[in-house]
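here are the coordinates; sequence isn't available:
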Ligand SMILES: *Cc1c(COP(=O)(O)O)cnc(C)c1O
């Protein structure tokens with residue numbers, strides 16, 4: 001039997017703060033589903049409809065005057081979200097701007113920070129990078145008429161699933177003055193591995209390269225100190241752990257040291273102009289003295305309103321370290337129970353790809369079933385347990401500290417046993 005019992009889980013639920021009541025939980029046969037897909041699409045906060053409705057009403061009642069309305073005027077609406085977004089990733093308030101979508105931001109910041117010149121033209125990525133990131137990087141290389149070999153992939157060692165920090169650093173050092181940009185994720189989407197961002201950043205800078213991160217799976221999930229770590233730039237979406245809704249608005253971080261640098265290459269638009277004089281419609285572009293200089297367009301208010309609704313839930317749960325503490329406990333519990341399940345029956349063996357060390361992961365665990373993985377995943381879906389399947393053979397489960405409970409985690413363990421029984425494996 002598992003060393004963790006249902007009563008332990010109920011006890012933990014009664015004795016740790018929970019923000020579950022702030023969220024709509026999808027239903028299955030009249031009951032809350034066990035939702036472990038917050039790594040893919042976060043749940044809807046209960047205040048989201050009201051926040052969005054508020055802006056729709058403003059538009060109905062005031063039309064264009066909504067830009068100057070006394071409450072949350074649209075013309076500076078981003079100011080309501082930039083600062084708190086910065087706090088979530090350990091950045092200074094003026095280092096983060098909320099805008100566009102993730103892949104768009106990835107491109108915009110590579111245009112600023114990937115500047116192949118002379119021998120320095122290579123980009124380092126992880127071999128199992130998310131497809132969009134891979135496509136983005138390759139298309140940037142092509143944009144400069146360079147060879148695809150300028151994209152260098154660092155892979156786990158033979159027979160291993162995780163990248164070793166030492167191997168990453170060694171590759172960076174070997175590439176040396178040929179390396180233009182290190183472009184990795186913070187948390188790998190497939191394995192759930194949280195890279196050693198400060199060490200990687202230092203190594204990149206030692207050889208004169210720029211270092212950027214895609215934090216899609218790290219933002220709202222792990223503890224980061226982007227400013228202190230001197231990361232050059234980072235981009236992330238808000239619909240995963242940040243619960244802003246499908247296709248939600250994205251974020252970008254630019255380290256303060258790059259603000260106001262004369263001649264930094266960048267695509268520019270009117271919303272990146274110094275906000276003090278933006279509406280004087282000057283002919284000459286004068287960049288905002290902050291990360292906002294990278295902003296192109298006026299902001300998508302409805303998406304921003306939905307994102308604000310989620311940030312307000314985070315506000316109640318902050319600091320991130322509190323949330324992270326709960327996250328560690330939930331994930332540790334999930335890990336223990338999955339290992340127990342694997343030992344308690346003979347039908348399937350479950351391997352956990354994600355690192356065991358808590359400083360090397362967020363809340364996601366990537367499970368590989370030696371057989372019947374697809375059937376088990378399908379069984380779980382049909383029985384109110386929401387996980388996701390990633391080709392070729394991984395089931396990702398993410399107990400999210402804002403709304404998942406220890407009881408959810410226990411239910412996952414029970415559902416695995418039930419699957420083996422009902423499927424007669
Ligand atoms: C989710 C995710 C994306 C998605 O990109 P969009 O531009 O938001 O569609 C890209 N990269 C990574 C690493 C992701 O996890």
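Arrived safely, thanks for sending. Everything numeric in this text was worked out from a predicted model, so none of it was measured. Residues are numbered from 1 along each chain as shown.

host element of residue 420?
Secondary structure assigned from DSSP states H and E places residue 420 in helix 406-422.

ok, now which ones touch residue 210?
Residue 210 makes contact with 113-114, 180-182, 204, 232-233 under the criterion CB atoms under 8 Å, 6 or more residues apart in numbering. The C-beta positions use only the backbone N, C-alpha and C, and glycine is treated the same way.

of those, which pair is most distant in space?
Comparing all pairs in those by CB to CB, the longest separation belongs to 180 and 233, at 13.4 Å.

can you list the buried residues in the helix holding residue 420?
406, 408-413, 415-416, 419-420 (16 or more other CB atoms under 10 Å).

CSV please, covering these and showing pLDDT.
Below are these laid out as CSV (pLDDT from 0 to 100):
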residue, pLDDT
406, 98
408, 98
409, 98
410, 98
411, 98
412, 98
413, 98
415, 98
416, 98
419, 97
420, 96
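
redo those residues as a markdown table? Include distance to residue 309.
What follows is these, written out as a markdown table (distance: CB to CB, whole Å):
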| residue | distance to residue 309 |
| --- | --- |
| 406 | 26 |
| 408 | 23 |
| 409 | 26 |
| 410 | 30 |
| 411 | 27 |
| 412 | 28 |
| 413 | 32 |
| 415 | 31 |
| 416 | 34 |
| 419 | 35 |
| 420 | 40 |
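
dump the residue contacts of residue 300.
Applying CB under 8 Å, 6+ apart, one finds that residue 300 lies in contact with residue 249.

list the buried residues in stretch 301-319.
For stretch 301-319, a neighbour-count test (16+ other CB under 10 Å) marks 301-311, 313-314, 317 as buried.

show me what the helix holding residue 420 is packed against.
In terms of contacts (3 or more CB pairs under 8 Å, 6 or more residues apart in numbering; DSSP states H and E), helix 406-422 is packed against helix 6-15, strand 34-35, helix 320-344, helix 373-382, strand 385-386.

can you lay out the ones you listed as CSV showing distance to residue 223 and mean neighbour count?
Listed next are the helices and strands packed on helix 406-422 as CSV, based on distance: least, CB to CB, whole Å; neighbours: other CB atoms under 10 Å:
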stretch, distance to residue 223, mean neighbour count
helix 6-15, 21, 14
strand 34-35, 23, 24
helix 320-344, 5, 18
helix 373-382, 30, 17
strand 385-386, 26, 20
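
how about these in CSV, adding distance to residue 270 and mean pLDDT?
Supplementary listing: the helices and strands packed on helix 406-422 in CSV, determined by distance: least, CB to CB, whole Å; pLDDT from 0 to 100:
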stretch, distance to residue 270, mean pLDDT
helix 6-15, 50, 97
strand 34-35, 40, 98
helix 320-344, 33, 96
helix 373-382, 46, 96
strand 385-386, 42, 98
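
which residues touch residue 305?
51-52, 54-55.

that older thread, nearest to the ligand, of the buried residues of stretch 301-319?
Looking at these and their distance to the ligand, the nearest is residue 303, at 12.1 Å (CB to the nearest ligand atom).

surely that closest one meets residue 246?
No - the pair residue 303 and residue 246 does not pass the contact test of CB atoms under 8 Å, sitting 10.2 Å apart.

what sits in contact with each of the two?
Taking CB under 8 Å, 6+ apart as the criterion, residue 303 and residue 246 do not both touch any residue.

what's near enough to touch residue 188?
Neighbours of residue 188 in contact, by CB under 8 Å, 6+ apart: 126, 128, 163, 195, 217.

next, the angle helix 373-382 makes with the helix holding residue 420.
Following axes from the mean of the first three to the mean of the last three CA atoms, to 10 degrees, one obtains 120 degrees for the angle between helix 406-422 and helix 373-382.

chain center to helix 406-422: distance?
Relative to its chain's centre, helix 406-422 lies at 27 Å (CA atoms, centre = their mean, to the nearest Å).

kindly report the same for stretch 105-120.
Centroid displacement of stretch 105-120 relative to its chain, using CA atoms, centre = their mean, is 22 Å.

contacts for it next, please.
The set of residues that contact stretch 105-120 without belonging to it, under CB under 8 Å, 6+ apart, is 99-100, 123, 132-133, 136-137, 140-141, 144, 146, 150, 177-181, 183, 208-210, 212, 214, 232-233, 235, 250-252, 254, 258, 264-267, 294, 296.

circling back: give me the subset of the contacts of residue 305 lying in helices.
Per DSSP state H, helices hold the following members of those: 51-52, 54-55.

if we check the ligand, which of those residues are in contact?
Cross-checking these against the ligand (CB under 6 Å from any ligand atom) gives no overlapping residues.

so how do I select the buried members of those in PyMOL?
Written as a PyMOL command, the selection of buried residues from the ones in helices among the contacts of residue 305, which uses 16+ other CB under 10 Å, is:
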select buried, resi 51+52+55
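
of the ones in helices among the contacts of residue 305, closest to residue 391?
The closest of the ones in helices among the contacts of residue 305 to residue 391 turns out to be residue 52 (CB to CB; 34.2 Å).

would you agree that closest one is in contact with residue 302?
Yes - using CB under 8 Å, residue 52 is in contact with residue 302, at 5.7 Å.

pLDDT weak spots in the stretch 101-250 of the chain?
Applying pLDDT under 70 to the stretch 101-250 of the chain picks out no residues at all.

point me to the residue of the stretch 151-300 of the chain nearest the ligand.
Scanning the stretch 151-300 of the chain for proximity to the ligand using CB to the nearest ligand atom identifies residue 216 as nearest, at 3.2 Å.

helix, strand or coil for the nearest residue to residue 292 once chain neighbours are set aside?
Closest residue to residue 292 apart from its sequence neighbours, by CB to CB, 6 or more residues apart in numbering: residue 97 at 5.1 Å. Taking DSSP: H, G, I helix; E, B strand; the rest coil as the rule, one finds residue 97 in the strand state.

picking up where we left off before, just put the helices and strands packed on helix 406-422 in JSON lines and tack on distance to residue 199.
Conversion of the helices and strands packed on helix 406-422 to JSON lines gives the following (distance: least, CB to CB, whole Å):
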{"stretch": "helix 6-15", "distance to residue 199": "33"}
{"stretch": "strand 34-35", "distance to residue 199": "34"}
{"stretch": "helix 320-344", "distance to residue 199": "20"}
{"stretch": "helix 373-382", "distance to residue 199": "34"}
{"stretch": "strand 385-386", "distance to residue 199": "35"}
